[in-house]
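Engineer: following is a predicted model, sequence given first.
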Amino acid sequence: MISSLEHLSRWMNASPPANQHTLHCLIVEDQVMFLQLLRSMLEAIPGLEVRATATSQAEAIALCRADEPPELLILDLSLPDGDGLEVAHTLAEHRPDAKVVVLSGQARSFVCPAPLRPLIVGVVDKTAAFSQLQAVLESWLPQPNAPLTPRQQEIYGLIGQGLSNKEIARATALSIATVETHRKAIAQKLGMSGAELVRQASLLGRLNQEHLRSSD
């Protein structure tokens with residue numbers, strides 16, 4: 001079993017490119033706010049489609065028994081109506097080639113049952129979820145053909161804060177035309193449209209803010 005985030009990120013980096021296959025994902029998490037944030041993070045990953053979410057064991061088991069079980073299961077172990085591992089066992093019966101990422105508040109003491117070892121590829125500690133999930137997310141996000149320059153990284157961060165080109169120009173003492181040129185270059189390097197660029201930058205910005213709040 002892959003038990004560290006570093007190994008989990010490597011596994012995700014080795015997944016098939018987005019243009020070859022769309023990975024269908026089910027998120028099982030009973031904390032609604034965390035579930036919503038997690039879904040928004042995963043939906044920004046090219047090649048990954050969140051098909052469904054569940055907040056209980058019964059709902060998740062029913063989805064794993066459906067005609068098209070998920071290929072990737074993001075699984076909280078502590079559910080209000082039972083053990084999350086029962087969901088993983090059900091998925092193993094209906095889709096043996098699926099993969100599971102476990103969310104646990106006691107990740108260090110988690111012992112993977114032998115029958116589930118082929119499925120479980122990582123265990124994410126929920127007490128450090130924001131920083132760990134950010135690392136996982138960044139491993140999935142499109143990598144630029146060339147690294148962003150320091151100025152482009154600065155502008156990318158400001159885009160994530162929701163600033164317009166005019167506001168970015170004022171904050172960086174650049175002309176609006178120069179900001180627009182940098183913005184186009186960033187989008188080209190990341191291989192995404194302007195709308196996708198804003199979504200990804202905003203998502204990572206939100207995640208950074210949540211992580212800072214959780215660290216206070």
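Structural biologist: Received, thanks. What you see is a predicted model, and the numbers here were worked out from it, not measured in a lab.

Engineer: how about the strands in the protein?
Structural biologist: 23-28, 48-54, 72-76, 78-79, 82-83, 99-104, 120-125 (DSSP state E).

Engineer: go through the longest one and flag the buried ones.
Structural biologist: It stands for strand 48-54. Across strand 48-54, burial judged by 16 or more other C-beta atoms under 10 Å covers Leu48, Val50, Arg51, Thr53, Ala54. Just so you know, the C-beta spots here come from the backbone N, C-alpha and C atoms, and that holds for glycine as well.

Engineer: kindly report the same for stretch 183-196.
Structural biologist: Buried, per 16+ other C-beta under 10 Å, within stretch 183-196: Arg183, Ala185, Ile186, Ala187, Lys189, Leu190, Met192.

Engineer: filter these down to the ones in helices?
Structural biologist: For the buried residues of stretch 183-196, the ones inside helices are Arg183, Ala185, Ile186, Ala187, Lys189, Leu190, with DSSP state H as the criterion.

Engineer: now those in JSON lines, with pLDDT and distance to Ile155?
Structural biologist: Below are these laid out as JSON lines (pLDDT from 0 to 100; distance: C-beta to C-beta, whole Å):
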{"residue": "Arg183", "pLDDT": "91", "distance to Ile155": "7"}
{"residue": "Ala185", "pLDDT": "89", "distance to Ile155": "9"}
{"residue": "Ile186", "pLDDT": "87", "distance to Ile155": "7"}
{"residue": "Ala187", "pLDDT": "86", "distance to Ile155": "11"}
{"residue": "Lys189", "pLDDT": "82", "distance to Ile155": "12"}
{"residue": "Leu190", "pLDDT": "77", "distance to Ile155": "12"}
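
Engineer: looking at these, spot the one nearest Pro113.
Structural biologist: If you rank these by distance to Pro113 using C-beta to C-beta, Leu190 comes first, at 39.8 Å.

Engineer: quick check: that closest one vs Gln161, distance?
Structural biologist: 17 Å (C-beta to C-beta, to the nearest Å).

Engineer: do Arg151 as well
Structural biologist: Using C-beta to C-beta, we find Arg151 at a distance of 16 Å from Gln161.

Engineer: number of residues surrounding Leu35?
Structural biologist: Neighbours of Leu35 under the rule other C-beta atoms under 10 Å: 18.

Engineer: and it, what does it touch?
Structural biologist: Ile27, Glu29, Thr53, Thr55 (C-beta atoms under 8 Å, 6 or more residues apart in numbering).

Engineer: Pro96 now?
Structural biologist: Applying C-beta under 8 Å, 6+ apart to Pro96 gives the contacts Pro118, Leu119.

Engineer: check what pLDDT the residue of the chain most remote from its centre gets.
Structural biologist: For the chain, the residue at maximal distance from the C-alpha centroid (C-alpha atoms, centre = their mean) is Ser175, at 34.6 Å. For Ser175, the pLDDT comes out at 93.
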